[in-house]
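Engineer: Using only what follows, build the 3D model:
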Amino acid sequence: MDKTFKRSLLGMAVVVAAMSTSANAAIELHGQAVQLYGQAAASYQVWEPAGKGDTNAGVEVESRIGFKGVVEFEDFAPNFVWQIESGNANNRDSGTDPWNKYHGILGGRDTYVGLDFESIGTLTFGRRTNVVYDYVDWPHTNPGLGNVFDWNNAIGASYEDRADNMLRWDSANYGGFNYKASLSGMGTTTDAAVIAVSASYTGENFSVHGGHYTQGEYETTADDVTSKAGNVDYSLVGGSVWFGKATFTAAYKMMNNDLEGKVDSQDAISVTGQYWLSDKWLAKVGYAESFESDKATADNSSTAITGRILYALPSWVMYADVRNYEMLNDKENAGSGTRFMIGTEYYF
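Structural biologist: All right, here's what the predicted structure looks like:
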């Protein structure tokens, strides 16, 4: 399996379904203070490589479970907030693959504690996504655009998405406007600090957002060899607009690597469109492209073209996807090919 499925398929279909019922509301074990939630999700996938290699088929399990709470005190403010969420329960042998090492682990996904200052904002610390990546992940990598728009780049840059040691601030909503900031990456040295800021505004039928991520240069040592790392950044601007049954999204991502010996820049775009054919059937298409990098000596662009048909009931969806990728303008690349998949997800 490729890394497309490290993200939840939670999409607008689930949001709309949730609005029509409380069936997928978190289960209260002790009022709002202790709640149980999760998803039962899996997909059957057939991968057909564009170049060398055999067609293969398998199952990707994304079922997981979590606990969360908001604790209000009679004689103390702010409120205490907390969450513990497992990684995907697929029992995969992670080996040395960093994409899989949190699978099946309680606390593998967003797990944190914090304080909620009502009408002001929430301060949390623990394991979370950085505040710019939130928008990269949703809505701009669904369905299946992450191979190109999320973790892909041809400039040798490494960016955090979900990370340990995260300190994060999420403001309250001020008439449709909110802002966020996060600080992370300092588990080994504060020189490696990752700073991210973002903001969004939502109007009657549109939402716009943007943010900037940066990490300074730092030194890392392995096998008694010291080398430089970091010195990367990216910016994101994007938004959504909806007209009745139709929703469109677009984003532009600008990535830079200023590390000595790797200096290069690359931009990427993501565009999606979806339409509710009825109150239960949804059709969605997506396109993403990372353009040729500034210092490329040969075309190193990548593209993703995806499509989905989805059937939604309260708290439950079933879908079929077709996803085509051409990575680094090379049909022989291991990531180039077409994925066919059917899947289902139930949320509680």
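
Engineer: how far is stretch 55-69 from where the chain is centred?
Structural biologist: Taking the mean C-alpha point of stretch 55-69 and that of its whole chain, the gap between them comes to 15 Å (Cα atoms, centre = their mean, to the nearest Å).

Engineer: Then stretch 51-62?
Structural biologist: A distance of 22 Å separates the centroid of the chain from that of stretch 51-62, by Cα atoms, centre = their mean.

Engineer: got the end-to-end distance for that stretch?
Structural biologist: Taking Cα to Cα, to the nearest Å, stretch 51-62 runs 28 Å from one end to the other.

Engineer: Return the helix or strand in the chain with minimum mean pLDDT.
Structural biologist: Confidence across the helices and strands of the chain bottoms out at helix 12-19, with a mean of 41, counting by mean pLDDT, DSSP states H and E.

Engineer: And the next helix or strand past it?
Structural biologist: Next in sequence after helix 12-19, counting helices and strands by DSSP states H and E, comes strand 27-28.

Engineer: Look up which residues are beta-bridged to Y201.
Structural biologist: With DSSP bridges applied, the residues forming beta bridges to Y201 are F177, V208.

Engineer: Offset the numbering so it begins at 23, please.
Structural biologist: Renumbered: residue one is now 23, and that last one reads Y223.

Engineer: Touching, it and S229? I think so.
Structural biologist: Yes. Contact between Y223 and S229 holds when scored by Cβ atoms under 8 Å: they sit 7.1 Å apart. Yep, even glycine has a C-beta here, placed from its N, CA and C like the rest.

Engineer: so what's G60 bridging to?
Structural biologist: When assigned by DSSP bridges, G60 has beta-bridge partners I87.

Engineer: My guess is F139 contacts P100. True?
Structural biologist: Yes. Here F139 lies in contact with P100, judged by Cβ under 8 Å, at a distance of 4.4 Å.

Engineer: Quick one: the helices in the stretch 123-272 of the chain, in order.
Structural biologist: For the stretch 123-272 of the chain, the helices defined by DSSP state H, counting those that start in this stretch cover 155-159, 168-171.

Engineer: which other helices and strands contact the longest strand seen in the chain?
Structural biologist: Counting residues, the longest strand found in the chain (DSSP state E) is strand 247-265. Packed against strand 247-265, as judged by 3 or more Cβ pairs under 8 Å, 6 or more residues apart in numbering; DSSP states H and E, are the following elements: helix 155-159, strand 228-244, strand 268-279.
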